[in-house]
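Visitor: with the sequence up front, the predicted model follows.
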Amino acid sequence: MKQIEGGITAAKGFQAAGIEAAVKYQNRKDMALIYSEVPCAAAGTFTTNVVKAAPVLWDKKIVEESTYAQAVVVNSGIANACTGRQGMDCCQAEAQCAGECLGIPADSVLVASTGVIGMQLPLDRITEGIGKLAQAKSDTPEAGADAARAIMTTDTVPKEIAVTFEISGKTVTLGGMCKGSGMIHPNMCTMLGFLTTDAKISRQMLQKALREDVVDSFNMISVDGDTSTNDTLLILANGLAENEEIASEGAGYDTFREALHFVTTYLARKMAGDGEGATALFETKVIGAASKEDARILAKSVICSSLTKAAIFGHDANWGRILCALGYSGAQFDPENVDLYFRGGSSEIHIYGNGTACGYSEEEATKILSEPEVCVLVNMHMGEAEATAWGCDLSYDYVKINADYRS
């Protein structure tokens, strides 16, 4: 597997665009298009929040019932959530407009929105934007980058990646982009994520791969503990790599899963590190757990702890908060048998073991916690299972950003 330049336009047959439509923002790109030259197998995972945005309901129906998908239209600024019948009508109108502009069926068009909940989309600007996107679409890396920027809200940087790998002697490409900075506590995927591949893979195996993967990638991140109404992860596979079709488990499926996990983990880490107001990526790796599920629960509990996140922001080696978060996670363990370590840069220190603090240097601990990427390693000494979760520190700016979000 090799990481290459680009994102969603890296795979054969995919085009993209990002334009300014003034949906809510001014003087910035706020609408994106992903388009495949040929029909695609499509799969998706969606928010577990009972309150689901109109685009989530639309996309679930397309993924489950349509023969294929061929395009995705995305807007930022307004979430089209809690918008009633008008919100669903807007999704229908978007799909019909895109279908007419691109010459494809309306039921092959997926839609996604992100931004403020409760506002109605300005349909005239949305449909005008779709026309501009159709005209601007291109298969260049720059077009993919424009799309990645257009889906941002409070994100500070666009997030994209692409890789190549081989299946049955053919070079296959997988690319992706995502956005998400706040209201990030997925229980399926990320806030908005889009993956494109030229792999030839059945719809059933594509859905299986995506569903199995998110458990240890996007499901293992948290910025603020809030699960969005709009969480959507979509993948389109158009088969233009002409590999032997992946229709069952085996070597080809395993290779595809490995590449998929590399891409989704990369994007998940980027999103966690770009959390609203964040100054550091905060990783917790649990090893030696009794079960995989326990490892996931323990790791997620630590990165979700507001007190621990605040300590990371303050570069304070307050390891008691970490042990506390492990203790209320719900997993059972002997606290006297746990080892805690801090990792950052090229340094690692042992901070807790045998039921008490180790003789570490506070100065060295502070230095490690001042790195842009901080890791807490937890050894449970109970088994062979392990899991990693990603979050970010909790700064003053998180409150500032969210206190002013609608204005």
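Guide: Here it is on my side, so go on.
Visitor: test my guess that Val157 contacts Asp274.
Guide: Yes. Between Val157 and Asp274 there is a contact at 6.0 Å, judged by CB atoms under 8 Å. Backbone N, C-alpha and C define where each C-beta goes, glycine included.
Visitor: more neighbours: the two, which one.
Guide: Between Val157 and Asp274, counted using other CB atoms under 10 Å, the more crowded position is Asp274 (23 against 12).
Visitor: verify the contact between that one and Thr153 for me.
Guide: No. With contacts counted by CB under 8 Å, Asp274 stays clear of Thr153, the gap being 11.3 Å.
Visitor: for Gly345, give its distance to Ser370.
Guide: From Gly345 across to Ser370, the span is 9 Å (CB to CB, to the nearest Å).
Visitor: list the residues that contact the closest residue to Ser202 other than its chain neighbours.
Guide: Nearest residue to Ser202, sequence neighbours excluded (CB to CB, 6 or more residues apart in numbering): Ala247, at 4.7 Å. Contact analysis of Ala247 by CB atoms under 8 Å, 6 or more residues apart in numbering lists Ile201, Ser202, Gln204, Met205.
Visitor: what count of nearby residues applies to the third one?
Guide: The criterion is other CB under 10 Å. On that basis, Gln204 has 13 neighbouring residues.
Visitor: on that earlier part again, tell me how far the residue nearest to Ser202 lies from Ala310.
Guide: Taken as CB to CB, the span from Ala247 to Ala310 is 49 Å.
Visitor: please apply the same query to Ala387.
Guide: As judged by CB to CB, Ala387 and Ala310 stand 23 Å apart.
Visitor: okay, these two: which has more neighbours?
Guide: The residue with more neighbours, out of Ala387 and Ala310, is Ala387; 22 against 16, by other CB under 10 Å.
Visitor: chain neighbours aside, what residue packs nearest to the more buried one?
Guide: Residue nearest to Ala387 in three dimensions, not counting chain neighbours: Ala295, with 3.6 Å by CB to CB, 6+ apart.
Visitor: just say helix, strand or coil for that neighbour.
Guide: State at Ala295, reduced to three classes by DSSP: H, G, I helix; E, B strand; the rest coil: helix.
Visitor: who are the contact partners of the nearest residue to Gln70 once chain neighbours are set aside?
Guide: Sequence neighbours aside, Ser108 is the residue nearest to Gln70 in space, at 4.3 Å (criterion: CB to CB, 6+ apart). For Ser108, the contacting residues are Pro39, Ile62, Ser66, Thr67, Tyr68, Ala69, Gln70, Ala71, Gly99, by CB under 8 Å, 6+ apart.
Visitor: what number of residues lie near Ala403?
Guide: Residues near Ala403, counting by other CB under 10 Å, number 9.
Visitor: give me the buried entries from the contacts of Ala247.
Guide: Buried members of the contacts of Ala247, counted by 16 or more other CB atoms under 10 Å: Ile201, Ser202, Met205.
Visitor: could you dump the residues you listed into a markdown table with distance to Asn354, secondary structure and pLDDT added?
Guide: Listed next are the buried ones among the contacts of Ala247 as a markdown table, based on distance: CB to CB, whole Å; DSSP: H, G, I helix; E, B strand; the rest coil; pLDDT from 0 to 100:
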| residue | distance to Asn354 | secondary structure | pLDDT |
| --- | --- | --- | --- |
| Ile201 | 50 | strand | 98 |
| Ser202 | 52 | coil | 98 |
| Met205 | 48 | helix | 98 |
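Visitor: need those in a markdown table (columns: distance to Phe333).
Guide: Below are the buried ones among the contacts of Ala247 laid out as a markdown table (distance: CB to CB, whole Å):
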| residue | distance to Phe333 |
| --- | --- |
| Ile201 | 40 |
| Ser202 | 41 |
| Met205 | 37 |
